[in-house]
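Visitor: predicted model follows, preceded by the sequence.
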Amino acid sequence: MAIASKLTIIGMIALSLAIGFLFFYLYSDLKKEQKKKHIEELTSQLINFIMFIWLGKIVLNLSTFLTDPLSVLAYPSDSKALYFAIVLIALLLLYKSRRKSVSLLPLMESFVHVFLISSFVYEFIQLIVEDNSYAFGYVILLAILIGIFFFLRERLNVIILLIILVTTWSLGMISIALIQPFVTVFGYMMAPWFVGVIFIASIGSLTYILRKRDA
């Protein structure tokens, strides 16, 4: 039963990501060659991200892994492994950006496109099919973010748009966390402190950019 449940979740995530990538391919303003390049890079980084989650499971449970590795590998990844993977993927992308092997801002815009649509599909499935009432608030937040993204993407430069989206997302997540026991992203619980760090970083980045522009 546990295996079937796990496979169901994996299937929902895979379906959501597939729809997200398809939506990006159909509705992105990029040229066809750029779309394919970004899809390839995002797929590559998604694979890296999954590997980092598994690495996080091992590193964060190292003592248990050394004595009983199967118990760690078979156990579902928790939020700590997710945070670990987010930090590593961010460092990897910054490294690749510094080496000029990837254009970070255009790639991040494409990632946000895929992430918002995929997340909306996943949470909508949770709400309608799985009858998960806790998904309702996040569905509304994602719908607002998708509207902001498509309305402002041709009116603002990429970095301002991304910061506005991340700030709105983190503020919305904190608000949802105040009115319900927990809030999740693709089934992973988001701790308020982690979302708060993202919110503070977004506000700080936006303030810095606006001051730099006015200087």
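Guide: On my side now, so go ahead.
Visitor: tell me the pLDDT at the closest residue to residue 50 other than its chain neighbours?
Guide: Distances taken as C-beta to C-beta, 6 or more residues apart in numbering place residue 85 nearest to residue 50, at 7.9 Å, with adjacent residues excluded. Yep, even glycine has a C-beta here, placed from its N, CA and C like the rest. pLDDT recorded at residue 85 is 93.
Visitor: so how far is residue 159 from residue 85?
Guide: Distance, residue 85 to residue 159, using C-beta to C-beta, to the nearest Å: 24 Å.
Visitor: the two: who's more crowded?
Guide: It is residue 85, of residue 85 and residue 159, that has more neighbours when counted by other C-beta atoms under 10 Å, with 22 against 15.
Visitor: what backbone torsions are found at the more buried one?
Guide: Phi and psi for residue 85, reported as degrees, to the nearest 10, are phi -70, psi -40.
Visitor: repeat for residue 184
Guide: Per degrees, to the nearest 10, the backbone of residue 184 is at phi -130, psi 160.
Visitor: and for it, the neighbour number?
Guide: Neighbours of residue 184 using other C-beta under 10 Å come to 18.
Visitor: give me the secondary structure label for residue 101.
Guide: Counting by DSSP: H, G, I helix; E, B strand; the rest coil, the backbone at residue 101 sits in coil.
Visitor: neighbours of it, how many?
Guide: Around residue 101 there are 9 residues (other C-beta under 10 Å).
Visitor: contacts for stretch 133-141, please.
Guide: Residues from elsewhere that reach stretch 133-141 (C-beta atoms under 8 Å, 6 or more residues apart in numbering): 119-120, 123-124, 126-127, 169, 172-173, 176, 179-185.
Visitor: below-threshold pLDDT in the chain: ranges please.
Guide: 1-6, 71-76, 205-206, 208-215 (pLDDT under 70).
Visitor: now the strands for it?
Guide: 184-185, 188-189 (DSSP state E).
Visitor: show me where this structure has helices.
Guide: Remark: helices assigned in the chain by DSSP state H are 2-27, 32-60, 62-67, 69-74, 79-98, 104-128, 135-152, 158-179, 192-214.
Visitor: of the ones you listed, flag the one that's most buried.
Guide: Of the helices of the chain, the one with the most neighbours on average (mean count of other C-beta atoms under 10 Å) is helix 104-128, at a mean of 20.
Visitor: and the residue most central in space within the chain, what does it touch?
Guide: The residue lying closest to the centre of the chain (C-alpha atoms, centre = their mean) is residue 115, at 5.7 Å. With contact taken as C-beta under 8 Å, 6+ apart, residue 115 is in contact with residue 20.
Visitor: just name the most buried of the strands of the chain.
Guide: Buried most deeply of the strands of the chain, by mean count of other C-beta under 10 Å, is strand 184-185, with a mean of 18.
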